[in-house]
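**Student:** I would like to see how this sequence folds:
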Amino acid sequence: MASNNIFSSFLISLRMKKRNIFFMVLTTILCSCSYLLGNLKLSITTITTTTNYRRTTPCNTTATDAVTQTLLDFQPHHLAEDLPHALPLARGSRFPPCSPKYSEYTPCEDVDRSLKFPRERVIYRERHCPEKGEVLKCRIPAPYGYRQPFRWPESRDAAWYANVPHKHLTVEKAGQNWVRFKGDRFSFPGGGTMFPNGAGAYIDDIGKLINLRDGSIRTAIDTGCGVASLGAYLLSKNILAMSFAPKDTHIAQVQFALERGVPALIGILASVRLPYPSRAFDMAHCSRCLIPWGQYDGLYLIEVDRVLRPGGYWILSGPPINWENRWKGWGKTREQFKAEQVIIEGVAKSLCWKKLIQKGDIAIWQKPTNHVHCKLTRKIFKKPQFCQEQDPDRAWYTKLDTCLTPLPNVSNITEISGGGPLSKWPGRLTSTPPRIISRSVGEITEQIFKTDTDLWKKRLSRYKQLDQQLAEKGRYRNLLDMNSYLGGFAAALALSKDPVWVMNVVPIEANVNTLGVIYERGLIGTYQNWCEAISTYPRTYDFIHADAIFTLYRDKCGMEDILLEMDRILRPQGSVIIRDDVDLLVNAKTIADELQWETRLVDHEEGPLVREKLLIATKQYWTAPATSQD
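**Tutor:** Next comes the predicted model:
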C-alpha cells in the first residue's frame, strides 16, 4: 500500500511539472511574438520617418537623429496658446466707440458731476466718481489725427496739436511762457509764473540754496504744477517729481504734462488727504500755486508735513514771498501780503519747521529729522497737537485733519526718524528700505525684498522678448504698474536705464500697504481702487502692467470695468502685459478681443505646468471720425 501511494504521488508531481513547463514555453512563445511584432512595427516607422525626414533636413542629419527627434517627444501638449477660447463674438459688439465728445473723458473729475458738490474749499474739484449705473460701457476715442507722441527727451519741449487740441493756454498764459503754438505742434519753453527765464534757470537758483546734485533729494511733489515744467527739468537732476493740478478752467494743463512724458496726476488739496503715504517726498514745491496755506488752521501745510520725509524741504515762491517788491502786481495791499506771510511763518514754526533761507522770490523751510524737540514745544504751540491712533499712511478718501502726524520714535535727538538716512540715488533703488528693516510692512523681510528684486530683473528680460515695443529703447515713456507690491518692475526698468518712468499703484485692497517702501526706493506712485477710474486723462500711458489684478478684484467689481478703464488710459498702439490665473485670463482675453486689442496668451516663465499665464495685448490705432472743422 505504501509503495502504491508513493507511486501515485510521483505521477501527480510529474504531471504538474509538465504543466508548468508547458505554460513556461507558451509564455516564452507569446513574449517572443510580441517582441518581434513590436520590432517589426518600429522598423517600418523608422524607415518611413527616415524617408520623410531626409526630404526636409540637411544631408548631414542621420536617420538615427531623425528617429530620436520623432519618437522621443517630451514637449507638453497643453500650452497657453492651445487653451480653449470662448465662442467668437462680433468684435466690439459689446463696447462700441463712445461719442467724440468723450475723447478727454475723466470719469472721477467730470465737470458736470462736480457742480453738484460744495464750492467751499473747492471740494467740487476733488474726485467724485460716477455711480455704477452711470459708468460708460464704450471705448473712448482718440481725437481725429492723433499721433504717437514725440520720443523723450524731444517730448519735453514739444507735443502734437492733434493730441491735445486746446489753444486756450497759449492765450491765457502767453505772458508767462508756459506753452506756444505753431503749425501742427505745441512747444514748451519752460516758463512759469515765477520763472520767466525758464524752469532750468529757476532750478539752478534753488540749487544754489540746497543741494540738488548729490542724490540726497530724489522724490519731489509739485502742487499746482501747471504744465509740469518744473518736473520736466528736475529730471535732468535725477529728481523724480509727482506733479498734480486740478481739472479746472486750465483744462489741459495735466494733459500737456503727460504728453510731454512728465509724471502727473489730476489732483487738488481740498478736504481729503493726497493719495500718497507719509514720509514719501524729499522735497515739496509750490510756485504761485494759489493754495491758501495760512487758512483753516494751517490744514494744507499740515498735509505737506505728513508727506514730507524727515529733513525734507518745502519751497515756496510767489505770493506772499518777496511781497515788499512784488505787491503792486499781485492785486492786494502791502499790509495784506505782510499779514499773509506772517501767518505762513507761524504755521511753519508750529510744525517745528526751520526756515533755512529766503532769497529773492524763493523761500525754503526744512522739516525736522525727528520730533524729540517738537514734542516739548507743544506746551508753547497749543496746536496742532499730535495725532492719536491714526494711520499716517492711510490716504484714500481720508479726511484731512488739523493734527500733526508724529514721526517714528527715536532713541536720541540726533537720530533720524523712520530708520535713519536713506541711501543716495541711485543706491537707494536696491538698498533695503528702512520700513522693511524696521519690519513695519507686514512680514516682508530683507531676504524677500532681495529675492523680489532679482525676480523682476528676470521677468523684465522675458517681457522684452515678448513685447518688442517694450524692448525698443525710447518707444515707451509713460508706464503704469497696476499692482506694484515692492516696485520690482519699475526698479528693474530703472536698473536697465530705460528712458521711462513708472506710476506705481498700490491698490487699497492689497494685503499690505507697500507704497511707502516704493517711495523709499526713490520711485513714485499712488493709491487706487481699480473699481474706480484713476485720476488721469485718456491715453496717458504707453504701457500697462498688471500682476494678479483680476485675482485681487474678483467678486469686487466686473472684469470688463477694469479692462475698459485700461483701454481708456492706454494710448493707441500701446501694450499691456497681464499676469494672472489661467481661468481668469481666458475670460479677460475674450473681453480684450471685444475691445479690439490684439491678444495672445503665453506660458509662465517656469513653463506650461504653472497655472499663472501671461496675456500680451496691443491696443489698435483708431480715432474719432473727421469733422468739418478737422
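**Student:** could you use CA atoms for every contact and neighbour count after this?
**Tutor:** Fine.
**Student:** thought Asp498 was touching Arg475, still the case?
**Tutor:** No - Arg475 lies out of contact with Asp498 (CA atoms under 8 Å); the separation is 10.0 Å.
**Student:** so these two - more neighbours on which side?
**Tutor:** Set Arg475 next to Asp498 and count neighbours by other CA atoms under 10 Å: Arg475 wins out with 20 against 17.
**Student:** show me the domain layout of this protein.
**Tutor:** Using the TED database, the domain parsing of the chain gives 196-380, 427-619.
**Student:** measure the shortest one end to end?
**Tutor:** Just to be clear, that refers to domain 196-380. With CA to CA, to the nearest Å as the measure, domain 196-380 spans 41 Å from end to end.
**Student:** how about the longest one?
**Tutor:** End-to-end span of domain 427-619 (CA to CA): 36 Å.
**Student:** any chance of the domains of the chain in TSV, with distance to His166 too?
**Tutor:** Converted to TSV, the domains of the chain look like this (distance: least, CA to CA, whole Å):
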stretch	distance to His166
domain 196-380	7
domain 427-619	14
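**Student:** for Pro130, find the nearest of those.
**Tutor:** Of all the domains of the chain, domain 427-619 sits nearest to Pro130, with 8.5 Å by CA to CA.
**Student:** pLDDT of the closest one, averaged?
**Tutor:** Here domain 427-619 scores 97 as its mean pLDDT.
**Student:** what sits up against stretch 307-319?
**Tutor:** The contact list for stretch 307-319 (CA atoms under 8 Å, 6 or more residues apart in numbering) reads 194, 276-288, 330, 337, 361-370, 407, 416-418.
**Student:** need the residues that contact the helix or strand harbouring Phe489.
**Tutor:** Phe489 belongs to helix 488-495 when assigned by DSSP states H and E. Contact with helix 488-495 is made by 429-430, 452-453, 456-457, 460, 481, 500-502, 504, 523, as judged by CA under 8 Å, 6+ apart.
**Student:** and which of those residues is nearest to Asp547?
**Tutor:** For those, the residue nearest Asp547 by CA to CA is Asp481; the value is 8.1 Å.
**Student:** from what I see, that closest one and Asn504 are in contact.
**Tutor:** Yes - the pair Asp481 and Asn504 qualifies as a contact (CA under 8 Å) at a distance of 5.1 Å.
**Student:** of those two, who's got more company?
**Tutor:** More crowded of Asp481 and Asn504, by other CA under 10 Å: Asn504, with 28 against 22.
**Student:** isn't there a strand covering that one?
**Tutor:** Yes - applying DSSP: H, G, I helix; E, B strand; the rest coil, one finds Asn504 inside a strand.
**Student:** the lengthiest strand in the chain: how far from the chain's middle?
**Tutor:** The residue-count maximum for a strand in the chain (DSSP state E) belongs to strand 570-581. On the basis of CA atoms, centre = their mean, to the nearest Å, strand 570-581 sits 12 Å off its chain's mean C-alpha point.
**Student:** can you check stretch 311-323 too?
**Tutor:** Distance of stretch 311-323 from the chain centroid (CA atoms, centre = their mean) equals 31 Å.
**Student:** endpoint to endpoint, it covers what distance?
**Tutor:** 27 Å.
**Student:** related to what we said a few turns ago, so which of the contacts of helix 488-495 comes closest to Lys208?
**Tutor:** Using CA to CA, Leu523 comes nearest to Lys208 of the contacts of helix 488-495, at 25.0 Å.
**Student:** so the closest one: helix, strand or coil?
**Tutor:** Of the three states, Leu523 takes coil according to three-state DSSP.
**Student:** distance check, it against Ile291.
**Tutor:** Distance, Leu523 to Ile291, using CA to CA: 26 Å.
**Student:** the two - which one has more neighbours?
**Tutor:** Using other CA under 10 Å as the criterion, Leu523 and Ile291 rank with Leu523 on top: 28 against 16.
**Student:** strands of the stretch 301-450 of the chain, residue ranges please.
**Tutor:** With strands called from DSSP state E, counting those that start in this stretch, the stretch 301-450 of the chain shows them at 308-317, 354-359, 362-366.
**Student:** the first one to strand 362-366, inter-axis angle?
**Tutor:** If you take axes from the mean of the first three to the mean of the last three CA atoms, to 10 degrees, strand 308-317 sits at 160 degrees to strand 362-366.
**Student:** average pLDDT for strand 308-317?
**Tutor:** 97.
**Student:** relative to the whole chain's centre, how far out is that strand?
**Tutor:** With CA atoms, centre = their mean, you get 25 Å for strand 308-317.
**Student:** partner strands of that strand, with direction?
**Tutor:** Its sheet considered, strand 308-317 pairs with strand 281-287 (parallel), strand 362-366 (antiparallel) by DSSP bridges.
**Student:** give me the contacts around the shortest one.
**Tutor:** Taking CA under 8 Å, 6+ apart as the criterion, the residues outside strand 362-366 that touch it are 206, 311-318, 321-322, 348, 353-358.
**Student:** that strand vs strand 354-359, what angle?
**Tutor:** Angle of strand 362-366 versus strand 354-359, following the same axes, to 10 degrees, is 170 degrees.
**Student:** with the longest one instead?
**Tutor:** For the pair strand 281-287 and strand 354-359, the angle between their directions (the same axes, to 10 degrees) equals 40 degrees.
**Student:** contacts for strand 281-287?
**Tutor:** Strand 281-287 has contacts (CA under 8 Å, 6+ apart) with 193-194, 216-225, 304, 307-309, 311-318, 519.
**Student:** again with stretch 398-407
**Tutor:** The contact list for stretch 398-407 (CA under 8 Å, 6+ apart) reads 271-273, 297-299, 302-303, 305-306, 310, 351, 370-371, 383-387, 392, 417-418.
**Student:** so what's the closest residue in space to Gly294 that isn't next to it in sequence up against?
**Tutor:** Among residues not flanking Gly294 along the chain, Ile344 sits closest, at 5.1 Å (CA to CA, 6 or more residues apart in numbering). By CA under 8 Å, 6+ apart, the contact list for Ile344 reads 293-294, 298.
**Student:** sorry, back to before: skip ahead from the longest strand of the chain and say which helix or strand is next.
**Tutor:** Immediately after strand 570-581, counting by DSSP H and E, sits helix 582-594.
**Student:** report the buried residues of that next one.
**Tutor:** Across helix 582-594, burial judged by 16 or more other CA atoms under 10 Å covers 582, 584-586, 588-594.
**Student:** the helix or strand just after it packs against which elements?
**Tutor:** Note on helix 582-594: by DSSP H and E, the next helix or strand toward the C-terminus is strand 597-603. Under the contact definition 3 or more CA pairs under 8 Å, 6 or more residues apart in numbering; DSSP states H and E, strand 597-603 sits against helix 582-594, strand 612-619.
**Student:** tell me which of those sits nearest to Ile549.
**Tutor:** Ile549 lies closest to helix 582-594 among the helices and strands packed on strand 597-603, at 10.0 Å (CA to CA).
**Student:** angle of that closest one against strand 597-603?
**Tutor:** Angle, helix 582-594 to strand 597-603, by the same axes, to 10 degrees: 160 degrees.
**Student:** show me what helix 582-594 is packed against.
**Tutor:** With contacts defined as 3+ CA pairs under 8 Å, 6+ apart, helix 582-594 has these neighbours: helix 559-569, strand 597-603, strand 612-619.
**Student:** out of those, which one sits most buried?
**Tutor:** Ranked by mean neighbour count, the helices and strands packed on helix 582-594 are led by strand 612-619 with a mean of 22 (mean count of other CA atoms under 10 Å).
**Student:** buried only: go through the contacts of stretch 307-319 for me.
**Tutor:** Buried residues within these, defined by neighbour count using 16+ other CA under 10 Å: 194, 276-288, 337, 361-370, 407, 416-418.
**Student:** who touches Asp452 in this structure?
**Tutor:** Contacts for Asp452 (CA under 8 Å, 6+ apart) come out as 486, 488.
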